[in-house]
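*Asks:* missing the sequence, but the structure's below:
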């Protein structure tokens, strides 16, 4: 499957929201995404397109030289095809291009697939945020990746 990455636009939001609804117990609203796209100067969001279909998306905030991943999701019909990995590699590439040297994210301890992906990409556990997730008071594992531009780790090999 050929993927094209492009900046998320308002016209993508209906498809993004469909993915959001089936991916998260407390999904973001249209207005939350619209705010990120139109008003948050720190925010950078992308979609992965297969033809005209949004099959995944990701977002981050760039604060000084650090990137903070806000969300990553892939449509259930397209999971297990390395799209999540490709999205993360594209976010790392974009963060490096914009001057970031480190990247952080939060992940549920129960999301073992995401944790394995992040670890494979060089993220390491650095702490916890107690009762971070409001839907069930689950903690969040804080993960960091330092030296984003080092040793060619951003290469997809695709």
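*Replies:* Looks like it arrived, so ask away. What you are looking at is a predicted structure, and each value in this text was computed from that prediction instead of being measured.
*Asks:* Where do the strands of this protein begin and end?
*Replies:* With DSSP state E as the criterion, the chain has strands at 4-7, 43-50, 53-63, 66-74, 102-107, 124-129, 140-146.
*Asks:* how close does residue 106 get to residue 57?
*Replies:* 17 Å (C-beta to C-beta, to the nearest Å). Using the backbone N, CA and C atoms, a C-beta is placed for each residue, glycine as well.
*Asks:* low-scoring pLDDT stretches of this structure, where are they?
*Replies:* Applying pLDDT under 70 to the chain flags the ranges 150-158.
*Asks:* Now the residue nearest to the spatial centre of it. Nearest residue, chain neighbours left out?
*Replies:* For the chain, the residue nearest the mean C-alpha position is residue 72 (3.1 Å; C-alpha atoms, centre = their mean). Nearest residue to residue 72 in three dimensions, chain neighbours excluded: residue 58, at 4.4 Å (C-beta to C-beta, 6 or more residues apart in numbering).
*Asks:* returning to what we had before: closest to residue 26 out of the strands of the chain?
*Replies:* strand 66-74 (11.3 Å; C-beta to C-beta).
*Asks:* got a list of contacts for the closest one?
*Replies:* 19-20, 23-24, 28, 36, 43, 48, 55-62, 83-84, 87-88, 91-92, 95, 98, 100-105, 114, 148 (C-beta atoms under 8 Å, 6 or more residues apart in numbering).
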